[in-house]
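Participant: The sequence and its predicted three-dimensional model are supplied below.
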Amino acid sequence: MSEHTGHHHSPTHMGHHHHGHHPQGCKGANLVQHDFNDKAAKWDENPLVHELANKALESIKTHVPLRDDMNVLDFGCGTGNLSFLLLPFVQHVHGVDSAEGMIEQFQKKIQQGAQTRLSCEALNLSEPYPKQLSTQYDLIVSHVAFHHIENVPGMINLLASHLKPGGYLVISDLQKTPTAEEFHSKKQADTVFHHGFDPETLGAWMKADLSTVEIHKDAYSVKKKVEDGQHAGMLNDVACLLAVGRKE
Ligand SMILES: C[S@@+](CC[C@H](N)C(=O)[O-])C[C@H]1O[C@@H](n2cnc3c(N)ncnc32)[C@H](O)[C@@H]1O
């Protein structure tokens, strides 16, 4: 973000400082990065994180033909929970996440388990960061990360360009429903660009870069207590979709 650091005191950016140094307003990839860094140490203590990852794995196993020779990328991997779950079914999983804190936790778990088929690195793939993926993958998965991505078609395009022919891009995320907006607390709202995805819209975005696209609506769901607002305390049913695209 060096290009922005010279602008802190520019009068044209006054009034935008309540969320740190982001000159573009309230939402931004660096704000997402800071927020998840803060959450990293306690991420695995939240049972919902594990429930979501387990349900995503089951759905992926149902809809994607996993093979033990697959080289997999987990984009927005967090502390690597889905990466670990996928490991018995594939050859290697590489996790990338923009929050260094998350990658630190993931790395610790890799070392503790002496895992040789898992790796991870801190990498932000959103603009204006440099794109640094060098390998082609058989499968790229991304689980509850895309709703934090501003330019979704751009990210799909980038990830699809790192798939081998015949490779799969799998997006597991919240579905756009009346309750999706209540999944995040008011405090988290600034890191969320999409309160769930409309299956048709996401499908159209994927079709721009991938040949075979299937959107599995209501692939799985979780219950989550609403944290604040009008429905605080209510137990919401949160529907999730699994989007699967294959590169020709
Ligand atoms: C809700 S968490 C999910 C983490 C993990 N997939 C899990 O299920 O526990 C979303 C993750 O996406 C990461 N993320 C958001 N924007 C990103 C970006 N532009 N590049 C890489 N990772 C990103 C965040 O740092 C965060 O760890």
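Facilitator: That came through fine.

Participant: and the closest residue to Val90 other than its chain neighbours, what is it in contact with?
Facilitator: Distance criterion CB to CB, 6 or more residues apart in numbering; nearest residue to Val90, sequence neighbours excluded, is Met70 at 4.1 Å. Any C-beta I mention is one placed from the backbone N, CA and C, and that applies to glycine too. For Met70, the set of contacting residues under the criterion of CB atoms under 8 Å, 6 or more residues apart in numbering consists of Phe89, Val90, Gln91, His92, Asp138, Leu139.

Participant: Using CSV, please lay out those residues together with distance to Gly28.
Facilitator: Below are the contacts of Met70 laid out as CSV (distance: CB to CB, whole Å):
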residue, distance to Gly28
Phe89, 36
Val90, 33
Gln91, 36
His92, 32
Asp138, 32
Leu139, 29
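
Participant: Let's see if you can find the most crowded of those.
Facilitator: Neighbour counts for the contacts of Met70 were taken using other CB atoms under 10 Å; the highest belongs to Leu139, with 24 neighbours.

Participant: Could you double-check that that residue lies in contact with His92?
Facilitator: No - the criterion here is CB atoms under 8 Å, and Leu139 misses it with His92 at 10.4 Å.

Participant: Looking at the contacts of Met70, which are in strands?
Facilitator: With strands defined by DSSP state E, the entries of those inside them are His92, Asp138, Leu139.

Participant: Now the second one. Nearest residue, chain neighbours left out?
Facilitator: Okay, so that is Asp138. Going by CB to CB, 6+ apart, Asp138 has Met70 as its nearest residue, at 4.2 Å.

Participant: backbone phi and psi for the residue in the chain positioned nearest to the ligand, please?
Facilitator: Among residues of the chain, the one nearest the ligand by CB to the nearest ligand atom turns out to be Gly78. It sits 2.6 Å away. With angles defined as degrees, to the nearest 10, Gly78 sits at phi 60, psi -130.

Participant: ok, it - how many residues close by?
Facilitator: Residues near Gly78, counting by other CB under 10 Å, number 27.

Participant: Quick check, central residue of this protein?
Facilitator: With distances taken as CA atoms, centre = their mean, the chain has Ala145 as the residue nearest its mean C-alpha position (1.7 Å).

Participant: buried stuff in whichever strand or helix holds Val222?
Facilitator: Element membership for Val222, per DSSP states H and E: strand 212-225. Going by neighbour count (16 or more other CB atoms under 10 Å), the buried part of strand 212-225 is Val213, Ile215, His216, Ala219, Tyr220, Ser221, Lys224.

Participant: That strand near the ligand anywhere?
Facilitator: No - using CB under 6 Å from any ligand atom, no contact is recorded between strand 212-225 and the ligand, whose separation bottoms out at 11.7 Å.

Participant: Only C-alpha atoms, please: export that strand in CSV.
Facilitator: C-alpha atoms of strand 212-225 as CSV (Å, rounded to 0.1, in the frame of the first residue of the first chain):
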residue,chain,number,x,y,z
THR,A,212,-19.0,-26.0,-17.3
VAL,A,213,-20.7,-24.3,-14.4
GLU,A,214,-23.1,-25.7,-11.8
ILE,A,215,-24.5,-23.7,-9.0
HIS,A,216,-25.8,-25.9,-6.2
LYS,A,217,-28.3,-23.9,-4.3
ASP,A,218,-28.9,-24.7,-0.6
ALA,A,219,-25.9,-27.0,-0.7
TYR,A,220,-25.7,-26.8,3.1
SER,A,221,-26.9,-24.5,5.9
VAL,A,222,-26.0,-23.5,9.4
LYS,A,223,-27.8,-21.9,12.3
LYS,A,224,-26.4,-18.6,13.6
LYS,A,225,-27.5,-16.3,16.3
